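Enquirer: I'll drop the sequence and a predicted model, then ask my questions.
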Amino acid sequence: MKGLILFHNFDLNLLVVFHVLMEERSVTRAGERLGRTQSAISNALKRLRDRLEDPLFVRTPEGLSPTPRAVALAGTVARLLHETEESIIKPDAFDPHTAEAHFVVGAPDRISLPVFLPLMRRLGQIAPKVGLQLRTTDRDYAIRLIEGGDIALALGWFEQTPPHIERLLAFEDVFVCLCRSDHPLLAGSKMPTLTDILEYGHLVVSSTGDQRAVFDTVLERHGLTRTIAATVMNFTIVPELLLGSDLIGVFTHLTADYLTQRYPLTIAPVPLEVAPVANHLIWHRRFNEDPAHKWLREELRLAWKGSKFLPSQL
């Protein structure tokens with residue numbers, strides 16, 4: 001504890017003077033190099049001698065000659081000053097072609113394939129030494145992980161975020177109904193009504209296993225409910241479940257469009273007046289100016305901007 005108290009009261013600027021004196025071996029030249037008067041350097045040297053209880057430098061015809069104590073200190077002081085300078089200077093711009101980094105990003109499963117799969121392919125081309133790990137997160141879980149430093153950022157729907165969490169609107173999406181192409185819901189020439197959609201059992205995807213999703217919150221605001229017949233934690237088996245049954249799913253257009261490109265599934269509008277689902281990119285404020293983090297945020301922005309699955313009407 002005594003050592004900490006002494007260090008707390010120590011003027012670290014004196015170490016800069018010591019370092020320059022070791023290199024110049026002259027009070028005059030040290031003053032010129034530091035832009036200080038000869039008397040200021042002499043005063044700093046006197047303070048150093050008093051604090052360290054050693055002469056540190058002895059005058060000789062060739063200039064200042066360091067004492068054994070000064071020689072012993074020289075390497076440590078030089079290293080300390082160098083490391084301090086390295087830690088406080090502005091970091092260089094992030095170069096993805098050569099940088100070695102690892103990022104953990106959170107997002108709901110519905111965004112993984114249409115956004116993160118293209119992103120990971122691009123990173124493999126332009127940033128071969130940058131690793132990306134995707135964690136499936138819902139709203140509250142994502143915020144907790146960001147606050148705990150477990151993930152760098154998250155993408156998804158967030159009603160509210162704490163003041164220290166930054167957010168950027170990524171894209172807006174709408175709800176659509178997804179089912180097999182020959183589903184009875186689609187029989188006839190008219191588009192299905194909301195009553196028609198709510199007559200069937202629904203398939204829900206929830207990363208937490210809860211039998212609820214964002215659409216249930218929307219229905220409640222209109223005094224409505226639906227029958228949830230099955231719940232899964234990701235979209236892996238969603239196509240097979242929809243193709244092999246009369247189940248229907250109400251998902252965002254981004255996800256549904258991705259699946260219809262690969263399976264004989266059909267999209268139908270959900271006739272319900274509701275604001276588009278706003279998907280935000282969120283991160284902790286402490287990473288605002290971090291070059292690597294800023295680079296990743298920009299790559300994510302390019303990924304969702306370039307996604308061919310984003311609804312064309314938004």
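Expert: Perfect, thanks for sending it.

Enquirer: Residues contacting the longest helix seen in the chain, please?
Expert: Ordering each helix of the chain by length in residues (DSSP state H) puts helix 68-88 first. Residues outside helix 68-88 that contact it (C-beta atoms under 8 Å, 6 or more residues apart in numbering) are Leu15, Val16, Phe18, His19, Met22, Leu52, Asp54, Leu56, Phe57, Pro66. For every residue, glycine as well, the C-beta is placed using N, CA and C.

Enquirer: Out of those, which end up buried?
Expert: Leu15, Val16, Phe18, His19, Met22, Leu52, Leu56, Phe57, Pro66 (16 or more other C-beta atoms under 10 Å).

Enquirer: Check which helix or strand the third one maps to.
Expert: When secondary structure is defined using DSSP states H and E, the element that contains Phe18 is helix 13-24.

Enquirer: quick check: angle from that helix to helix 68-88?
Expert: Counting by axes from the mean of the first three to the mean of the last three C-alpha atoms, to 10 degrees, helix 13-24 lies at 110 degrees to helix 68-88.

Enquirer: Pull out the buried residues from the helix or strand following helix 13-24.
Expert: Beyond helix 13-24 on the C-terminal side, the first helix or strand identified by DSSP H and E is helix 27-34. By neighbour count on 16+ other C-beta under 10 Å, the buried set for helix 27-34 is Val27, Arg29, Ala30, Gly31, Leu34.

Enquirer: Run through the residues that contact Leu153.
Expert: Taking C-beta under 8 Å, 6+ apart as the test, what Leu153 contacts is Val105, Gly106, Ile146, Leu281, Ile282, Trp283, Phe287, His293, Leu296, Arg297, Leu300.

Enquirer: Which ones among these map onto helices?
Expert: Reading helices off these with DSSP H, I get Ile146, His293, Leu296, Arg297, Leu300.

Enquirer: Of these, just say which sits nearest to Asp196.
Expert: Leu300 (37.4 Å; C-beta to C-beta).

Enquirer: Count the residues that sit near that closest one.
Expert: 20 (other C-beta atoms under 10 Å).

Enquirer: Just to check, it is in contact with Ala154?
Expert: No. The pair Leu300 / Ala154 is not scored as a contact, 10.4 Å apart, by C-beta atoms under 8 Å.

Enquirer: what's Leu241 sitting at in phi/psi?
Expert: phi -70, psi -40 (degrees, to the nearest 10).

Enquirer: and the most far-flung residue of the chain relative to its centre, how far is that from Arg221?
Expert: Computed with C-alpha atoms, centre = their mean, the residue of the chain farthest from its C-alpha average is Pro61, at 60.3 Å. To Arg221, Pro61 is 91 Å away according to C-beta to C-beta, to the nearest Å.
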